[in-house]
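>>> Below are the sequence and a predicted model; questions follow.
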Amino acid sequence: MTDSHAYTVPVLPGHNWPTLEPGWVWLCGAGPGDPGLLTIHAVNALMQADVIVHDALVSPEILSWARPEAEVIYAGKRGGKPSAKQRDISLRLVDLAREGKRVLRLKGGDPFVFGRGGEEGQTLVQHGVPIRIIPGISAGIGGLAYAGIPVTHRDVNQSVTFVTGHDQSGNATGSLDWSAIARGSQVIVIYMGMKHLDRIRSELIDAGRPNDEPVAITMNATTPDQRVLETTLGTCVEDAAREGIGAPAIICVGRAVLMRQALDWQALASGLAPRDTDPLGRGRPAEDR
Ligand code: SAH
């Protein structure tokens, strides 16, 4: 991982940062993309690891912070592949740890949010390999924040539901009670939802969600390639196809999406005026009440 730039060892502020010992595996979240959304524990891990086993959604920029001599292994898993491959990845981590390597398993977002970190951690523990878990900023929270969408807002929702659009085998999540989700959650955040968006939309509308309910689809959130589509439940599939919006994307269904009209901070930073400073039509900010 070297380039023409001289490698500079990052210096962390003084603190008793944990040591990644030989034979250990740290299961670590890398956040949704922007390297600034790494945790300090993640940077500390990158500075120490002999081997980094990473997913497709971990950016090259983040990996470039590894030690120059570190071995970097891609273990991407695309939705729909048989679960045997997951087992191979877990067992590879066991082998690397048993070789006495200091192993960093780096995953997009948070390792325990639709990231199979629980399965890998379990396999490691079952094989007697010591682990540390380092949480990360999940796309369903941090990705939406970069789009200017607060995942909760007092005037919109007192709960939020995170769902995956795929089940283990990559099929539409027939096992989910979409009707209960539609009735019970004011804001629904869908990971891996693009493939089956048509079906998810039907389920939600059949369960009573309105056609004109706001939906935002954020693609490549927090990266320089971020794109946000503001649409509605009724038209989201067609709009996404027309605009070329696809995976990886995080889908937010609910009135929280309206807040983007005030909080699209990237647009504001580029000099645009807010489209509406009171998108929920409350007449004043919630703080005044
Ligand atoms: N552990 C990850 C989620 C892994 S599942 C986390 O906590 O964020 C992979 C799905 O996450 C993608 O299909 C997409 O729905 C979402 N995702 C991850 N990174 C994303 C990004 N930068 N932009 C948009 N969606 C993202």
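Here it is on my side, so go on.

>>> could you pull out the helices for the stretch 151-289 of the chain?
Counting by DSSP state H, counting those that start in this stretch, the stretch 151-289 of the chain has helices at residues 178-184, 197-206, 236-243, 260-263, 265-269.

>>> OK, now which residue of the stretch 101-250 of the chain is nearest to the ligand?
Nearest residue of the stretch 101-250 of the chain to the ligand, counting by Cβ to the nearest ligand atom: residue 109, 1.9 Å away. For the C-beta atoms, the positions are set from N, CA and C on the backbone; glycine is no exception.

>>> Contacts for the lengthiest helix in the chain, please.
Ordering each helix of the chain by length in residues (DSSP state H) puts helix 84-98 first. Helix 84-98 has contacts (Cβ atoms under 8 Å, 6 or more residues apart in numbering) with 23-25, 51, 53, 73, 75, 77, 103, 105, 116, 119-120, 123-124, 127, 129.

>>> again, only using 10 Å
22-25, 27, 50-51, 53, 55, 71, 73, 75-78, 101-103, 105, 116, 119-124, 126-131, 168 (Cβ atoms under 10 Å, 6 or more residues apart in numbering).

>>> got the buried residues for it?
Applying a neighbour-count criterion of 16 or more other Cβ atoms under 10 Å, one finds 86, 89, 90, 92, 93, 94, 96, 97 buried in helix 84-98.

>>> Quickly check: that helix near the ligand or not.
No - for helix 84-98, no contact with the ligand is found by Cβ under 6 Å from any ligand atom; the gap never falls below 13.0 Å.

>>> and residue 21, what does it touch?
Applying Cβ under 10 Å, 6+ apart, the residues near residue 21 are 48, 100, 102, 130, 132.

>>> cool, residue 235 as well?
Contacts of residue 235 (Cβ under 10 Å, 6+ apart): 201, 211, 212, 215, 242.

>>> And residue 211, how far from residue 177?
21 Å (Cβ to Cβ, to the nearest Å).

>>> again, but for residue 195
For residue 195, the distance to residue 177 (Cβ to Cβ) stands at 20 Å.

>>> next one: residue 185
Using Cβ to Cβ, residue 185 is found at 11 Å from residue 177.

>>> repeat for residue 50
In terms of Cβ to Cβ, residue 50 sits 45 Å off from residue 177.

>>> Between those two, tell me which one has more neighbours.
residue 50 (18 against 12; other Cβ atoms under 10 Å).

>>> got the residues of the chain near the ligand?
So the chain meets the ligand at 32-33, 57, 107-110, 113-115, 138-139, 143, 191-192, 218-223, 247-250 (Cβ under 6 Å from any ligand atom).

>>> I'd like to know which of the residues you listed are buried.
32-33, 57, 107-110, 113-115, 138-139, 143, 191-192, 218-223, 248-250.

>>> The closest residue to residue 207 other than its chain neighbours: how many residues sit nearby?
In space, and not counting its chain neighbours, residue 207 is closest to residue 182: 3.4 Å by Cβ to Cβ, 6 or more residues apart in numbering. Residue 182 has 19 neighbours, counted by other Cβ under 10 Å.

>>> and what of residue 36?
Quick note: residue 36 (other Cβ under 10 Å) scores 7 neighbours.

>>> which ones are touching it?
Residues near residue 36 by Cβ under 10 Å, 6+ apart: residue 222.

>>> if we go to 6 Å?
By Cβ atoms under 6 Å, 6 or more residues apart in numbering, the contact list for residue 36 is empty.

>>> Ok, residue 219 next?
Residue 219 is in contact with 227, 245, 249, counting by Cβ under 6 Å, 6+ apart.

>>> On the pLDDT front, check residue 81 for me.
pLDDT for residue 81: 52.
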